[in-house]
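Colleague: what's the 3D shape of this:
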Amino acid sequence: MEPDLLVFSREEYPKKLGERIALEAKKSIDSHGRFTVGLSGGSLVNYLCEGLPNIETDWTKWLFFFCDERIVPETSDDSISGVYKRKLCSKIPSLTPSQFVTITYGISTAEAAVDYRKKLTEYFKTELPSFDLLLLGMGPDGHTCSLFPGHPLLKETSLTVAPIFYSPKPPPERITLTLPVLNAASMCMFTVTGEDKAETLEKAMGASDLPASKVRPIKGRLVWVLDSGAAKNL
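Modeller: Sure thing, here's the model as predicted:
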């Protein structure tokens, strides 16, 4: 199945992204009474804070997980979950911190990966979770989540959540969802903006060996939501 490609101007991007996510939320809530979303770091949080507050949805049915996380204190600006809880809850009063399934802080990276794996298994009642939506970013090097080019984790098939101790991008210690989890999702939605991503994006959407290229949901949909700068070479 060919991926969906949506391109918007930078000005309308947050609003259109929010509307597209709202469609998936409605489908999931109508289907099974909940909406499970995996969040990524980077600029996505700012787009969501701008685009989501105005959508119509039952926020009590949303549950947020994290596609990867840095092993830092929750109060750090490098903490993906910490930033989301502070920013998104302040924009959407109906959300509560309890709707964010985060890592356990104050334990080792290896322990955090095992612990988060257990949390996913307990919630989804299966070893291989299937998210309604995974919101993914892509770095200039083609990485997504904390899956970097040439890293051994790209070949991981048994672990659903894996630790990283020497990330090419700081902070060095992280946990990440692996490709089997990404490809089990009902929808993977890449959000990519900026002309600096245009060349990498062109490769990632083709037959490349970049981590982002390896995201191919087995039964779900793949959607690229781009701004005009990122899409200029397509």
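Colleague: Whichever helix in the chain runs longest packs against which elements?
Modeller: Of all the elements of type helix in the chain, the one with the most residues (DSSP state H) is helix 13-32. Applying 3 or more C-beta pairs under 8 Å, 6 or more residues apart in numbering; DSSP states H and E, we find helix 13-32 packed against strand 4-8, strand 35-39, helix 44-51, strand 133-136, strand 187-192, strand 221-227. Yep, even glycine has a C-beta here, placed from its N, CA and C like the rest.
Colleague: Could you say which one of those comes nearest to Thr126?
Modeller: Closest of those to Thr126 is strand 35-39, at 12.5 Å (criterion: C-beta to C-beta).
Colleague: by contact count, what packs against the closest one?
Modeller: helix 13-32, strand 62-66, helix 80-91, strand 133-136.
Colleague: Note down every partner strand of the last one and its orientation.
Modeller: Within its sheet, and counting by DSSP bridges, strand 133-136 is paired with strand 35-39 (parallel), strand 187-192 (parallel).
Colleague: pLDDT of it, averaged?
Modeller: Averaged across strand 133-136, pLDDT comes to 98.
Colleague: The nearest residue to Glu24 once chain neighbours are set aside bridge partners, please.
Modeller: With C-beta to C-beta, 6 or more residues apart in numbering as the measure, Leu133 is the residue that lies nearest to Glu24, at 5.1 Å, once sequence neighbours are left out. Assessed by DSSP bridges, Leu133 has beta-bridge partners Val37.
Colleague: List phi and psi for Val161.
Modeller: phi -130, psi 130 (degrees, to the nearest 10).
Colleague: That one: what's it in contact with?
Modeller: With contacts defined as C-beta atoms under 8 Å, 6 or more residues apart in numbering, the neighbours of Val161 are 113-114, 116-117, 120, 175-178, 181.
Colleague: Who wins on neighbours among the residues you listed?
Modeller: Neighbour count (other C-beta atoms under 10 Å) singles out Leu177 as the most crowded of the contacts of Val161, with 31 neighbours.
Colleague: List the contacts of the closest residue in space to Ala22 that isn't next to it in sequence.
Modeller: Nearest non-adjacent residue to Ala22, counting by C-beta to C-beta, 6+ apart: Ile55, 4.0 Å away. Counting by C-beta under 8 Å, 6+ apart, Ile55 makes contact with 18-19, 21-22, 25.
Colleague: again, only using 7 Å
Modeller: Contacts for Ile55 (C-beta atoms under 7 Å, 6 or more residues apart in numbering) come out as 18-19, 22.
Colleague: Buried only: go through those for me.
Modeller: For the contacts of Ile55, a neighbour count by 16 or more other C-beta atoms under 10 Å gives the buried set as 18, 22.
Colleague: Can you tell me, leaving aside adjacent residues, what's nearest to Arg216?
Modeller: For Arg216, ignoring the flanking residues on the chain, the nearest one in space by C-beta to C-beta, 6+ apart is Asn183 at 5.9 Å.
Colleague: Assess the claim that that neighbour and Arg221 are in contact.
Modeller: No. Counting by C-beta atoms under 7 Å, Arg221 is not a contact partner of Asn183; they are 11.7 Å apart.
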